[in-house]
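Trainee: My questions are about this predicted structure, shown below with the sequence.
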Number of protein chains: 2
Amino acid sequence: METQPDIERYPAARLLAFAKAVFAQMGCQPAHAQMAAENLIAADQRGIESHGVARLSGYYRLYQAGRLKGDARYDWVHQTPATATLDAGGGLGLVAGQLAMAKALEMAKAVGTGWVAVRNSNHFGIAGRYALMAAAEGMIGFATTNASPLVAPTHGNKRMLGTNPLAFAVPAGKYPPFVADMATTTAANGKLEILQRKQQPAPLGWIQNSQGQPTQDPHALGHGGALLPLGSSPQTGSHKGYALGAVADILSGVLSGASFGPWAPPFVAFLPVLEGQPGQGLGHFFGAWRVDAFRPKEDFLQAMDTWIEAFSNTPALSAQAPVRIPGQPEHEAEQDRQTHGIPLLPAVVADLQSLGQATGITW
Amino acid sequence: METQPDIERYPAARLLAFAKAVFAQMGCQPAHAQMAAENLIAADQRGIESHGVARLSGYYRLYQAGRLKGDARYDWVHQTPATATLDAGGGLGLVAGQLAMAKALEMAKAVGTGWVAVRNSNHFGIAGRYALMAAAEGMIGFATTNASPLVAPTHGNKRMLGTNPLAFAVPAGKYPPFVADMATTTAANGKLEILQRKQQPAPLGWIQNSQGQPTQDPHALGHGGALLPLGSSPQTGSHKGYALGAVADILSGVLSGASFGPWAPPFVAFLPVLEGQPGQGLGHFFGAWRVDAFRPKEDFLQAMDTWIEAFSNTPALSAQAPVRIPGQPEHEAEQDRQTHGIPLLPAVVADLQSLGQATGITW
């Protein structure tokens, strides 16, 4: 997260209203438009601008291209007492994700844990938001998705996996939830885009070029290169990042009946959907464990507070960079933005203005 | 996995019988001694020698030090239809893990998925073996554990986490299961031990020294250094490896009521157990999802075969190093060792001979 004090800030309510109106124009019923808009604003509030309102015009272009349905039917196609599969009908992942996690929480309340696979979906925004829905109910939450192929597996020279995030959220007693929400690559694509705009080199270990060689050129991805799995090189464990991204792809795509691997449909409307799809749309996978399904809740929350205090107090290499609890930076961004509004880059504001003109919705 | 053609090989049955007799002498009932011995031999057969019979004398020393009970009671202390908690009574993780995964499979058969937390346990061997128990039943399996602190969190200069592995196993149709079984560090401790024996430098990114600086000295861990989380440095995503190790610690330790973080009890009997334990012993966490709780099983197996074929056929950077499917190298080791026996280093054989003399069991 970069601090950008010179960037203009906008109240969340204004961005939410605009996004909701755009989703409604795409055919979403009011409750779904609200869910989808809330999801984007939540990303902006947590400081993950790459998945916030900056993406709104991308969803709209997919809709215009006939590759995303605002008025999709979200159908439950398979169910056991603790598991279910949702067919998102080619609709919004932002809506499907929220419906799916709500179902997982309902099952966890009844039988201790609940798991939902989603197929025939689209980009679902930030994974951490769904995991946090569980933490808000005193449960441990899990969310993952597959995504457009950008990542080469270890030893490979072709984009076979998306940045496929894994997210876990854990409630604590007196502290904000622990939230691990990470792409299974060394760096998320959003971080690379920042370097592209600034014309700055990428650290070695983030990308390989079209020949499969390490490069610092932040534009290499646009010229046949690929993002690298977490671990960066075989010597430093990239087979582990590859395996984690593969697990996300299998749980999200293969288990749900969605597409997977190199066939995962791209988010950007200008890239074609590959022929010979082995499944339907993008896939996601969600889960929740009720804490008191394993031990008394109060005992758990107290132990979690002890965990957080122990790790916060780890002797640090430098006083300027203390050891953080996963999710702490995003929580701090949230506090700041609830008070001061959401910073938007001029390019994002211009994009939203164009979207307003195209849709006739007042920006 | 190194190939060591000059190392003597031993039939699995001989090693199994010896290990079983040692566990029996520690007070294990015959069924438990068998489970524990099978677990170590399975590691050797999969080429993960660091977790095989080479560890047998370590378990025996913990038993002698009064820190591991052969005749422990394994008690179910908490249960819902899809979750349960096992108190391992200070016994063997090798036994507790097998009992716990069997319970998870039983629950998954009934309600679609099953999850078991274990506390008051000890080292459980290779995580992948438990995940594979699920794949053998046509389910997706998950296993994790916490472990003695060896790893510094990002920006930290103290060992706060173990190498805390995550393992997933997924059944396929005509191919062996997909198995991701990985320490959440750049390199497992066993790989570092190989370099120590050979007096070879470690790649940068594996360890930091006692001042928290990157080092290639493979002995740095013995002089106040620490292993690094997957990702190696803040610039290349070590906060992700730290977060994954933390998730393993929280699911295994905090959720079960085991100890966690810097308090996780050491495997080696010569290191003391820290005062002020926040829980009991080591913890583990296991889960299984029935594939047909999400979609018809045949459809899943066919899609998984398509996945495996697509990734196996990824264009490779070099004809000498094709893209592998996670678990494939271990499967190949298993095939080789079932035919040709298990290779043991002379130092391991000498250690087993001493153990034979100490216990009066014929090596």
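Mentor: On my side now, so go ahead.

Trainee: could you pull out the strands for the stretch 101-250 of chain A?
Mentor: Listed in chain order, the strands found in the stretch 101-250 of chain A under DSSP state E, counting those that start in this stretch are A:113-121, A:139-145, A:166-170, A:178-182, A:207-208, A:214-215, A:226-227.

Trainee: In a markdown table, list those strands along with mean neighbour count, distance to A:Phe260 and mean pLDDT.
Mentor: Using the backbone N, CA and C atoms, a C-beta is placed for each residue, glycine as well. Formatted as a markdown table, those follow (neighbours: other Cβ atoms under 10 Å in any protein chain shown; distance: least, Cβ to Cβ, whole Å; pLDDT from 0 to 100):
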| stretch | mean neighbour count | distance to A:Phe260 | mean pLDDT |
| --- | --- | --- | --- |
| strand A:113-121 | 29 | 10 | 98 |
| strand A:139-145 | 29 | 11 | 98 |
| strand A:166-170 | 27 | 16 | 98 |
| strand A:178-182 | 25 | 20 | 98 |
| strand A:207-208 | 25 | 22 | 98 |
| strand A:214-215 | 17 | 27 | 96 |
| strand A:226-227 | 26 | 17 | 97 |
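
Trainee: was I right about A:Gly91 contacting A:His123?
Mentor: No. The criterion here is Cβ atoms under 8 Å, and A:Gly91 misses it with A:His123 at 11.4 Å.

Trainee: So which of these two has more stuff around it?
Mentor: Using other Cβ atoms under 10 Å in any protein chain shown, the more surrounded residue of A:Gly91 and A:His123 is A:Gly91, with 26 against 23.

Trainee: Pull the contacting residues for A:Cys291.
Mentor: Just to correct that, residue A:291 is Val rather than Cys. Residues in contact with A:Val291, defined by Cβ atoms under 8 Å, 6 or more residues apart in numbering or on different chains, are A:138-140, A:171, A:297, A:300-301, B:255.

Trainee: try 6 Å
Mentor: A:138, A:297, A:300 (Cβ atoms under 6 Å, 6 or more residues apart in numbering or on different chains).

Trainee: Could you check how far it is from A:Ala303?
Mentor: Look at A:Val291 and A:Ala303: by Cβ to Cβ, to the nearest Å, they are 10 Å apart.

Trainee: Chain A: helices as residue ranges?
Mentor: Secondary structure of chain A (DSSP state H): helices at A:12-25, A:30-45, A:56-64, A:93-111, A:127-135, A:189-198, A:238-249, A:297-312, A:328-340, A:346-359.

Trainee: buried stuff in the first one?
Mentor: Judged by neighbour count using 16 or more other Cβ atoms under 10 Å in any protein chain shown, the buried positions of helix A:12-25 are A:12, A:15-16, A:18-25.

Trainee: Pick out the residue of the stretch 101-250 of chain A closest to chain B.
Mentor: Closest residue of the stretch 101-250 of chain A to chain B, Cβ to the nearest Cβ: A:Gly112 (3.3 Å).

Trainee: And the pLDDT at that residue?
Mentor: pLDDT recorded at A:Gly112 is 97.

Trainee: for the buried residues of helix A:12-25, which one is nearest B:Asp336?
Mentor: Among the buried residues of helix A:12-25, A:Phe23 lies closest to B:Asp336 (Cβ to Cβ), at 56.5 Å.

Trainee: how deep is the residue lying closest to the closest one once chain neighbours are set aside tucked in, by neighbour count?
Mentor: Distances taken as Cβ to Cβ, 6 or more residues apart in numbering or on different chains place A:Ala33 nearest to A:Phe23, at 3.8 Å, with adjacent residues excluded. Burial measure for A:Ala33: 23 neighbouring residues, criterion other Cβ under 10 Å.

Trainee: Could you do the one 3 residues further on as well?
Mentor: Taking other Cβ under 10 Å as the criterion, the count of residues near A:Ala36 is 30.

Trainee: Next one: the closest residue to it other than its chain neighbours from chain B, what distance?
Mentor: Spatial nearest neighbour of A:Ala36, chain neighbours left out: A:Leu94 (4.0 Å); criterion: Cβ to Cβ, 6+ apart. Distance of A:Leu94 to chain B, given as Cβ to the nearest Cβ, to the nearest Å: 22 Å.

Trainee: Quick check: closest non-adjacent residue to A:Leu132.
Mentor: Per Cβ to Cβ, 6+ apart, closest to A:Leu132 is A:Ala169, 4.7 Å.

Trainee: ok so, going back, now the helices of chain A as CSV including distance to A:Gly283?
Mentor: Conversion of the helices of chain A to CSV gives the following (distance: least, Cβ to Cβ, whole Å):
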stretch, distance to A:Gly283
helix A:12-25, 22
helix A:30-45, 17
helix A:56-64, 17
helix A:93-111, 9
helix A:127-135, 13
helix A:189-198, 19
helix A:238-249, 8
helix A:297-312, 31
helix A:328-340, 25
helix A:346-359, 28
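
Trainee: What parts of the stretch 1-150 of chain A come near chain B?
Mentor: A:80-83, A:85, A:111-113, A:115, A:117 (Cβ under 6 Å from any Cβ of the partner chain).

Trainee: and the two most separated of those residues?
Mentor: By the measure Cβ to Cβ, A:Thr85 and A:Gly112 form the most distant pair in those, at 19.6 Å.

Trainee: my read: A:Met35 touches A:Val95, true?
Mentor: Yes. Contact criterion Cβ atoms under 6 Å: A:Met35 and A:Val95 qualify, at 5.2 Å.

Trainee: Give me the more crowded residue out of the two.
Mentor: A:Val95 (26 against 21).

Trainee: show me what contacts that one?
Mentor: Taking Cβ under 6 Å, 6+ apart, we find A:Val95 in contact with A:32, A:35-36.

Trainee: Once you drop chain neighbours, what's closest to it?
Mentor: A:His32 (4.6 Å).

Trainee: need the contact list for A:Pro171.
Mentor: With contact set as Cβ under 6 Å, 6+ apart, A:Pro171 has these partners: A:135, A:138, A:177.

Trainee: Near A:Pro203, how many other residues are there?
Mentor: A:Pro203 sits with 17 neighbouring residues when counted by other Cβ under 10 Å.

Trainee: Correct me if wrong: it contacts B:Ser233.
Mentor: No. Using Cβ under 6 Å, A:Pro203 is not in contact with B:Ser233, being 8.7 Å away.

Trainee: The lowest-mean-pLDDT helix or strand in chain A near chain B anywhere?
Mentor: Sorting the helices and strands of chain A by mean pLDDT, DSSP states H and E puts helix A:189-198 at the bottom, at a mean of 87. No. If you take Cβ under 6 Å from any Cβ as the test, helix A:189-198 misses chain B, and the best it gets is 9.9 Å.
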